[in-house]
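Asks: Give me a 3D structure for the following:
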Amino acid sequence: MSKLLLLFVALFFGIQGIAQQKPLIDYPLPDPLETPKGDRITSVKEWEDEQRPWLLSQLEKLMYGYSPEAPKNLKFVVFEQDSMALDGTAVRKQVAIYLENDQHLLDLLIYLPRESKKPAPVFLGLNFEGNHTIHNDPAIRLSAEWVWIGAAGSLKNHPTEHSRGTQSSRWPVELILANGFGVATVYAGDLDPDYHDDFKNGIHRLYPELQGRGDNFSTMGAWAWGLSRCMDYFVTDPGIDAEQIAVIGFSRMGKAAIWAGVKDKRFAMVVSNESGGGGAALSKRMVGETIAKLNNGNPHWFCENFKRFNENEIALPFDQHTVLSLIAPRLIYVASAEEDLGADPLGEFLGLKYTSDVFALYGKEGLLDQEFPKINQPITTGVMGYHIRFGNHDITEFDWQQYLNFARENLK
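Replies: As a prediction, this is how the structure comes out:
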C-alpha cells in the first residue's frame, strides 16, 4: 500500500496578511523516503545510493529538464580588480568566464572583505537586471545584454548609465562585507534572457540537442547550471573559501538557487527568499503560483513535461519538499513575506518543514515540531531556518541580516 503523508492544514489565526490559506483541507504529499517499490529508506547509504539519484532523475525528467555536463577547460579572465574598492573596505574582482571555444559565458562580479585574514565565505546569487544594478560603484562593467522593458534606467531593452545601483536595496553589499562575508553575482540574462524564444538564445543555442524533447534544457536549468560555473571559478581563487559558499536567490532566482543547490553539492548553504511556486512552496496546495500559472506565464522556466501537471497537481509524483530534501544534510534557509500571498508563505514553510525526515537520516534537526512562526521572529535549528517578515515581495536588509546570522553561526 502506498505510504502517503497526509497534511491537515488549518488557518493560522492571528497572523495578518496570511488570509489566503486553505482551512482544514487534507491532500496527499508524497513521502521522499518511500521508494518506487513502496519500501521505506532508513539509512543515509540507501538515501545517497538509491533514493536521492532516483528522485533527482524524476525531477530532471518531469520538471527542470536535463542540463549539459560540466564543460571542460573553462577559461577564467579577471578583467578588472581593485584591492581598495568601496573606500578601502573591499576587494573587487570582475571575472569573465569562457567556454573552451572562447565562447563568452558570463561576467561574475565579486566583492570580498579587504581586512579578512583568511579565504572569505561568499554569498552567490543571480541578479535581475545586470551586475551594475546591485551597487552604484562606477567601476562595475555595464551589461550589454538584453534587459526587460521595465528595467530601471534602461533604453530599448538595454541598460544605460542611469541603471547603476537601481537594485542596490536588494544587495546590501556593505552589510554583507561588515559581517565577514563576500558577495558575488551574475546577471541571469548572461545565461538566458528571461523571455520565451523557443530556446534559441542564451546558452541554449549551444546545446540544441537538449531541445525538442519533453525533458528539455530549461531556463531554470540554465540559470542553475551557470551558478555552478561560478563555483568552478571559486575553487581556483585563493581569496575565496569554496567550501563555504551560500547560493541565494529572490523570487524566480530563488527557484534557480534551489535547483543549483540540489544539483551541485559543493554549495554549503541554500537560501530561498520568497521563491513561491516552483521554489519552496508546495504545489499541491494550489495557492498563489499554481503550476498552470507558472507554465502559462513563463513557459520557458521549466521543461515541457512539467506542463502535464497544469491544473493537475494531484498527479505530480513529488512536491517541492521533495526538491528541498535533496539539499540534505547541508544548510537551508527559506523566507517569506506577510503580504506576498502569491508566493504562499505557509506553503513555503511547509515545503521546508516536511524535509525534516530526510535531514533526520543524517542526525540533523529539522522543523517537524515547529509551528508557523510569528512575523519577524525567525526559527532556526543547526541546519535549517525560516522566517516571515512584515512587507511585500522583496528581499530586504532584514532578510539579509537573518541569512548572515544563520551562516555565521552554522557554516563550518
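Asks: alpha carbons only for contacts and neighbour counts from here, please
Replies: Noted.
Asks: And the pLDDT for the residue most central in space within the chain?
Replies: What sits nearest the mean C-alpha location of the chain, by C-alpha atoms, centre = their mean, is Ala257, with 1.8 Å. Per-residue pLDDT puts Ala257 at 99.
Asks: The one 3 residues further on now?
Replies: Per-residue confidence at Ala260 stands at 99 (pLDDT).
Asks: do the same with Glu313
Replies: For Glu313, the predicted pLDDT is 96.
Asks: Skip the chain neighbours and tell me the closest residue to it.
Replies: Lys284 (5.4 Å; C-alpha to C-alpha, 6 or more residues apart in numbering).
Asks: how near is that neighbour to Glu311?
Replies: 10 Å (C-alpha to C-alpha, to the nearest Å).
Asks: higher neighbour count, those two?
Replies: Lys284 (22 against 14; other C-alpha atoms under 10 Å).
Asks: show me the contacts for that one.
Replies: Lys284 makes contact with Tyr27, Leu29, Glu313, Ile314, Asp319, according to C-alpha atoms under 8 Å, 6 or more residues apart in numbering.
Asks: Tell me which of those residues fall in helices.
Replies: Per DSSP state H, helices hold no members of these.
Asks: of the residues you listed, buried ones?
Replies: In the contacts of Lys284, burial by neighbour count holds for Leu29, Glu313, Ile314, Asp319, counting by 16 or more other C-alpha atoms under 10 Å.
Asks: returning to what we had before: tell me the secondary structure at the residue nearest to Glu313.
Replies: Here Lys284 is recorded as helix under DSSP: H, G, I helix; E, B strand; the rest coil.
Asks: Mind jotting down where the strands sit in the chain?
Replies: 4-9, 25-30, 75-84, 90-98, 104-113, 120-127, 182-187, 240-250, 269-273, 331-337, 379-380, 384-389 (DSSP state E).
Asks: rank these by pLDDT, which is bottom?
Replies: For these, where the average pLDDT is lowest is strand 4-9, sitting at a mean of 37.
Asks: Out of the contacts of Lys284, which is nearest to Leu352?
Replies: Asp319 (11.1 Å; C-alpha to C-alpha).
Asks: Distance check, the closest one against Leu56.
Replies: Taken as C-alpha to C-alpha, the span from Asp319 to Leu56 is 12 Å.
Asks: got it, and Ala120?
Replies: For Ala120, the distance to Leu56 - C-alpha to C-alpha - is 31 Å.
Asks: between the two, who's got more neighbours?
Replies: Legend: neighbour count by other C-alpha under 10 Å for Ala120 and Leu56, higher for Ala120 (23 against 16).
Asks: which residues does the more buried one contact?
Replies: Leu112, Pro113, Gly180, Phe181, Gly182, Gly239, Ile240, Asp241.
Asks: need those residues in TSV with distance to His204 and neighbour count, can you?
Replies: Listed next are the contacts of Ala120 as TSV, based on distance: C-alpha to C-alpha, whole Å; neighbours: other C-alpha atoms under 10 Å:
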residue	distance to His204	neighbour count
Leu112	31	27
Pro113	35	28
Gly180	36	17
Phe181	33	25
Gly182	30	29
Gly239	32	19
Ile240	30	21
Asp241	31	17
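Asks: can you tell me which of those lies nearest to Leu74?
Replies: The nearest one, if we look at these relative to Leu74 and count by C-alpha to C-alpha, is Ile240, at 18.2 Å.
Asks: pretty sure that closest one is touching Pro121, no?
Replies: Yes: between Ile240 and Pro121 a contact is recorded at 6.3 Å, counting by C-alpha atoms under 8 Å.
Asks: For this protein, which element, helix or strand, carries the lowest mean pLDDT?
Replies: strand 4-9 (a mean of 37; mean pLDDT, DSSP states H and E).
Asks: Now do Trp171: how many residues are near it, please.
Replies: 21.
Asks: need the contact list for it.
Replies: Contacts of Trp171 by C-alpha under 8 Å, 6+ apart are Ile134, His135.
Asks: repeat for Phe181
Replies: Contacts of Phe181 (C-alpha under 8 Å, 6+ apart): Leu112, Pro113, Ala120, Pro121, Val122, Phe123.
Asks: Return the member of the residues you listed nearest to Ala224.
Replies: Checking those one by one against Ala224 (C-alpha to C-alpha), the nearest turns out to be Phe123, at 14.7 Å.
Asks: And the residue nearest to the centre of the chain, how close does it get to Ile245?
Replies: From Ala257 to Ile245 the distance is 12 Å (C-alpha to C-alpha).
Asks: same question, Asn296
Replies: For Asn296, the distance to Ile245 - C-alpha to C-alpha - is 34 Å.
Asks: Show me which of the two is the more surrounded one.
Replies: Ile245 (26 against 12).
Asks: Can you name the residues bridging to that one?
Replies: Beta-bridge partners recorded for Ile245 (DSSP bridges): Val122.
Asks: In contact with it, which residues are there?
Replies: Counting by C-alpha under 8 Å, 6+ apart, Ile245 makes contact with Pro121, Val122, Phe123, Leu124, Arg266, Phe267, Ala268, Met269.
Asks: run the last query once more with 6 Å
Replies: The contact partners of Ile245, taken as C-alpha atoms under 6 Å, 6 or more residues apart in numbering, are Pro121, Val122, Phe123, Phe267, Ala268.
Asks: a markdown table please, covering these and showing neighbour count and distance to Ser154.
Replies: Formatted as a markdown table, those follow (neighbours: other C-alpha atoms under 10 Å; distance: C-alpha to C-alpha, whole Å):
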| residue | neighbour count | distance to Ser154 |
| --- | --- | --- |
| Pro121 | 25 | 33 |
| Val122 | 26 | 29 |
| Phe123 | 26 | 27 |
| Phe267 | 25 | 33 |
| Ala268 | 22 | 35 |
